[in-house]
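**Student:** Predicted structure and sequence below. I'll ask about it afterward.
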Amino acid sequence: VINQVLTGMDSSVLKMLHFAPEPFFREIFSRRFGQYQTADLNMHDVDHHVDLQKLPFEDQTYDFVFASHVLEHIPDDAKAIREIRRILKPNGIAILPVPLVAEKTVEYPEPNPHDSYHIRAPGFDYFDRYKPYFSKVDKISSESMPGRCFRS
């Protein structure tokens with residue numbers, strides 16, 4: 001997916017922010033982007049200890065933001081999405097996948113210990129939450145990926 005999104009772009013001149021950085025992606029992104037920074041509220045080995053609902057960064061700081069399986073943990077996800085949009089440069093890209101587990105998004109009254117402490121169970125309607133903040137929202141599903149991406 002990253003390769004598809006970055007086609008025709010020179011990522012060596014882009015500044016990236018990676019929330020809740022997974023070790024696998026950390027290695028890939030740090031080699032690919034000219035400036036690579038990490039952020040999380042609780043992780044120890046990150047560049048920035050921040051709350052996604054109130055980011056300390058200047059407007060239009062980053063070209064690329066990646067936050068995989070993060071927004072389902074954030075109490076005010078609208079505020080977090082707005083903050084991500086605020087820190088993106090014009091024509092910046094945010095990749096914000098969430099686990100789709102229901103037809104319609106279910107909001108929990110508190111973090112659910114039976115669902116990895118998620119605040120919500122995102123449904124197929126979840127991506128509508130991005131539309132007020134981004135001029136273009138592409139939905140990429142596992143069914144749209146080449147077969148070589150999935151092996152048993």
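**Tutor:** It's in.
**Student:** tally of neighbours for Ala20?
**Tutor:** Counted with other CB atoms under 10 Å, the neighbours of Ala20 add up to 19. C-beta coordinates here come from the backbone N, C-alpha and C atoms, glycine included.
**Student:** Pro132 versus the residue nearest the centre of the chain, what's the distance?
**Tutor:** Ranked by distance to the mean C-alpha position of the chain (CA atoms, centre = their mean), the top residue is Ala67 at 2.3 Å. Computed with CB to CB, to the nearest Å, the distance linking Ala67 and Pro132 is 17 Å.
**Student:** And for Ser12?
**Tutor:** Taken as CB to CB, the span from Ser12 to Pro132 is 32 Å.
**Student:** Enumerate every residue touching Phe25.
**Tutor:** Contact partners of Phe25, counting by CB atoms under 8 Å, 6 or more residues apart in numbering, are His18, Phe66, Ser68.
**Student:** Asp125 contacts Ala102, correct?
**Tutor:** No: using CB atoms under 8 Å, Asp125 makes no contact with Ala102, being 9.0 Å away.
**Student:** ok, back up a step: from memory the residue nearest to the centre of the chain sits against Pro21, does it?
**Tutor:** No: under the contact definition of CB under 8 Å, Ala67 does not touch Pro21, with a separation of 9.7 Å.
**Student:** circling back: and the spatially closest residue to the residue nearest to the centre of the chain that is not a sequence neighbour, how many neighbours does it have?
**Tutor:** Of all residues not flanking Ala67 in the chain, Phe19 sits nearest, at 3.8 Å (CB to CB, 6 or more residues apart in numbering). Using other CB under 10 Å, Phe19 has 25 neighbouring residues.
**Student:** Contacts only, for Phe19.
**Tutor:** Listed by CB under 8 Å, 6+ apart, the contact set of Phe19 reads Thr38, Ala39, Asp40, Leu52, Val65, Phe66, Ala67, Val70.
**Student:** okay but the first one is in contact with Val50, surely?
**Tutor:** What it means is Thr38. No: under the contact definition of CB under 8 Å, Thr38 does not touch Val50, with a separation of 10.3 Å.
**Student:** Where do the strands of this protein begin and end?
**Tutor:** Assigned by DSSP state E, the strands in the chain fall at 15-19, 35-40, 48-49, 62-66, 88-95, 106-112, 118-121.
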